[in-house]
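**Q** Pasting a predicted model and its sequence here:
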Amino acid sequence: LGATLAAGVAAGLAASGCSTGAPPVRPRPAARPLAIPPLAPSSVDAGGRRVFGLTAAPGTSAFLDGLATPTWGYGGMPFGGPTLRARRGEEVVVRVTNRLPETTTTHWHGMTLPARMDGGPHQPIAPGETWEASWRVEQPAATLWYHPHPHGATERHVHRGLSGLFLVDDDVPVDLPDRYGVDDVPVVLTDRGLAPDGAFDEQHRNAVGLLGDTVLANGTVAPYLDVRTSRVRLRVLNASPARSYRLSVGAPVSLVGVDGGLLPAPRVVDDVLLTPGERAEIVVECAPGRRMVLRSLPDDLGAVNGVAAAAGGADSLDLLELRPADRLEASPPVPAVLSREAPLTEGSTVRRFVLANNRINGLAMDPTRVDEVVPVGATETWEFTNRHTLPHNIHVHDARLQVLDVPAAARAWKDTVAVAPGTTVRALVRVGPYADPEVPYMLHCHLLRHEDDGMMLQFLVVGPGQRPATTIAAGHDH
Ligand code: C2O
Ligand code: CU
C-alpha cells in the first residue's frame, strides 16, 4: 500500500491510517457523459479589464430521464454555472444580475480581494438588480469557485444549484495537463435528494445539513469521462452543502493542488478527504482500455458526515467512471516541482476559535458586530478547536492559510480546513493587502446549514492609522 495521505492530513484532520483495501462496491453503470461546464465568455474593455456577465436565474434540469427538476443556475445554465477564468495580474469585472425571485449574493470563494467585492452577506443583490464586482487577480494559479452567500439562506441557494468554478492561471510554467475538459477536467461534486416528482428534497433530516443520495458531478448523474491521454488531471470541488467525500480511484494518485494552489511537490496518495468548500487537484494515471471509478470511500465518512449508514454515510459512492481509450496519447510525467512559492512564517498574534453547538466562541453571527480586527497583510496563527460531536470546517474569506503541525511538505495553501470532532487545527493565516475599516470579511463553517444557523464571525482588515468601525452598518454599500 502507498501512503494514505489525504488533503485532510494537510488540513490537520487525522485520516484513517488503515485503508482496508478495496471496499465492497455495488457497481452502478455509468450512464451519461460527464458534462463539462462551459468557459464563461468575457471581453476586454478599453481599460484592459476582463469583463464577465453572470446572471442567476431559475431553470429546469433533467437529472434523470423523464424527470423535471426546478433548479437555479448561473449564466444560462439551469444548474451550476460556467467556469470563469482569468490570469494573475488581470483586472476582472463581473456583472452579476439577479433574476431569481429573492435577494442573493455572489461570493468569490478563495479569492483575495477588497471586502466590498467579496460578495458575502453585506453585498446583497436584490431581484432585478445587477452588482458589479471588480478587482485585480493577484494570487497564484488555483481552482477557486463562486456561490451565493445571502445571510441565513446560503444553503438553500447553493442547494438549488448555484455554484461554479473560477480558475486562476499564472505565468509560471508547470507541465501539468492543461487542456480544459480534455485532460484538465473540472469535477464539481454535489449531492441531492430527489423527490418522486423530481423536485429537490429541501427537508432537514439531520444535524449536518442537506444530504442526498444522488451524487452529481457537474450536474451529471452516474457520469463517465472518455479519456484520451495517459494522465488526466481532475480538479475536484466539493460544492455539496454538507457531505464530505474521501476520494479514491483504487490506485495511488498524485495530489498536485488544493484550495489555494499547487503544492510545492506532488504527493502520492491513496485517497483525499474533501469537506464542503475544499478543492483537490489530482493527476490519475490511466492504462489503455482499463476503466477506473472515482469513488468516495466509506471508511469513516459515516462519522464525518454525522449520519448513519442509512443516509449513505457508510456506503461507498461512485462519483465518476474514467474510460480510457484503447490507445492513449502520452502525457508528460508529473513534474517533481510544482510551485516555488515561499511558505508562510509564523506570525506573532494568536487568535483562538472554539467551535461548538454551531457557534464560534459561543457567538452566533451578528451582521452588525465586529468580531476581530486584523492588520492589513498580517500573518497570524489561528487555532480552531472543535468541542462538538459534529464535524465542522472553517473557511476564512480573503486569506490564504497553511496548516501547522503537519510535515513541511504537506503545507499546502488552504482557505477551508476540516476540524474533526475533538481536535484542534492550528493554521498560519495571511490576510490580503486590502484595508477597509467598515466592511468585514467572514469566517465560518462551510457546512452551509451551520453557516446559516449562525456559525460565522466577521473580521475587519485595517491599515495603519485606520480606526475600525465599532458596528457594521447594514446596506452601507448601496
Ligand atoms: Cu464558500 Cu463564506 O464561503
Ligand atoms: Cu459546522
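**A** All right, it came through fine. Residues are numbered from 1 along each chain as shown. Ligands and ions are numbered 1, 2, ... in the order given.

**Q** Can you tell me the closest non-neighbouring residue to the spatially most central residue of the chain?
**A** Nearest to the mean C-alpha position of the chain, by CA atoms, centre = their mean, lies G277 at 2.9 Å. Closest residue to G277 apart from its sequence neighbours, by CB to CB, 6 or more residues apart in numbering: H446 at 3.7 Å. Placement of C-beta: from N, CA and C, glycine included.

**Q** I'd like the secondary structure assignment at that neighbour, please.
**A** Three-state assignment for H446 (DSSP: H, G, I helix; E, B strand; the rest coil): coil.

**Q** confidence score at the residue in the chain that ligand 1 sits nearest to?
**A** Using CB to the nearest ligand atom, the single residue of the chain nearest to ligand 1 is H109, 3.6 Å away. For H109, the pLDDT comes out at 98.

**Q** Tell me, how many residues neighbour it?
**A** 24 (other CB atoms under 10 Å).

**Q** what's the answer for the one 3 residues further on, then?
**A** Counted by other CB under 10 Å, the residues lying close to T112 total 23.

**Q** ok, it - contacts?
**A** By CB atoms under 8 Å, 6 or more residues apart in numbering, the contact list for T112 reads 138-139, 398-400, 432-434.

**Q** what about 7 Å?
**A** Neighbour list for T112: 138-139, 398, 400, 432 [criterion: CB atoms under 7 Å, 6 or more residues apart in numbering].

**Q** Looking at those residues, which are in helices?
**A** Assigned to helices by DSSP state H, none of those qualify.

**Q** Of the residues you listed, select the buried ones using a PyMOL command.
**A** Under the burial definition 16 or more other CB atoms under 10 Å, those of these that qualify are selected in PyMOL by:
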select buried, resi 138+139+398+400+432
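
**Q** Can you report phi and psi for A115?
**A** Backbone torsions for A115, taken as degrees, to the nearest 10, come to phi -60, psi -30.

**Q** Surely it touches E438?
**A** No. The criterion here is CB atoms under 7 Å, and A115 misses it with E438 at 8.3 Å.

**Q** more crowded one of the two?
**A** Under the neighbour definition other CB under 10 Å, A115 and E438 were set side by side, and A115 has more, 25 against 18.

**Q** And for that one, nearest residue in space, chain neighbours not counted?
**A** Leaving aside its sequence neighbours, A115 sits nearest to V439 (CB to CB, 6+ apart; 4.0 Å).

**Q** residues contacting the closest residue to R359 other than its chain neighbours?
**A** Closest residue to R359 apart from its sequence neighbours, by CB to CB, 6+ apart: M455 at 6.4 Å. By CB under 7 Å, 6+ apart, the residues touching M455 are 358-360, 444-445.

**Q** go again using 8 Å as the cut-off
**A** Neighbours of M455 in contact, by CB under 8 Å, 6+ apart: 355, 358-360, 364-365, 392, 444-445, 447.

**Q** cool, P421 as well?
**A** Residues counted as contacts of P421 (CB under 8 Å, 6+ apart) are 386, 388-391.

**Q** Y74 versus N98, what's the distance?
**A** 11 Å (CB to CB, to the nearest Å).

**Q** what is in contact with these two at once?
**A** Counting by CB under 8 Å, 6+ apart, the contacts common to N98 and Y74 are 55-56.

**Q** More neighbours: which of these two?
**A** Ranked by neighbour count (other CB under 10 Å), N98 and Y74 place Y74 first, with 27 against 22.

**Q** Provide the partner residues of the more buried one in its beta bridges.
**A** A56 (DSSP bridges).

**Q** re the thing from before, which SSE is the residue nearest to A115 in?
**A** strand 436-444 (DSSP states H and E).

**Q** what's that strand packed up against?
**A** strand 392-396, strand 456-462 (3 or more CB pairs under 8 Å, 6 or more residues apart in numbering; DSSP states H and E).

**Q** does ligand 2 sit close to the helix or strand that that strand is followed by?
**A** As assigned by DSSP H and E, the chain's next helix or strand after strand 436-444 is helix 448-453. Yes. Judged by CB under 5 Å from the ion, helix 448-453 comes into contact with ligand 2 through H450.

**Q** Counting by contacts, list what helix 448-453 packs against.
**A** The contact analysis (3+ CB pairs under 8 Å, 6+ apart) places helix 448-453 against helix 154-159.

**Q** The helix or strand just after the helix it packs on pairs with which strands, parallel or anti?
**A** Sequence-wise, the next helix or strand downstream of helix 154-159 (DSSP H and E) is strand 164-169. Next to strand 164-169 in the sheet, as set by DSSP bridges, lie strand 84-87 (parallel), strand 142-147 (antiparallel).

**Q** Go through strand 164-169 and flag the buried ones.
**A** Using 16+ other CB under 10 Å as the test for burial, strand 164-169 gives 164-168.
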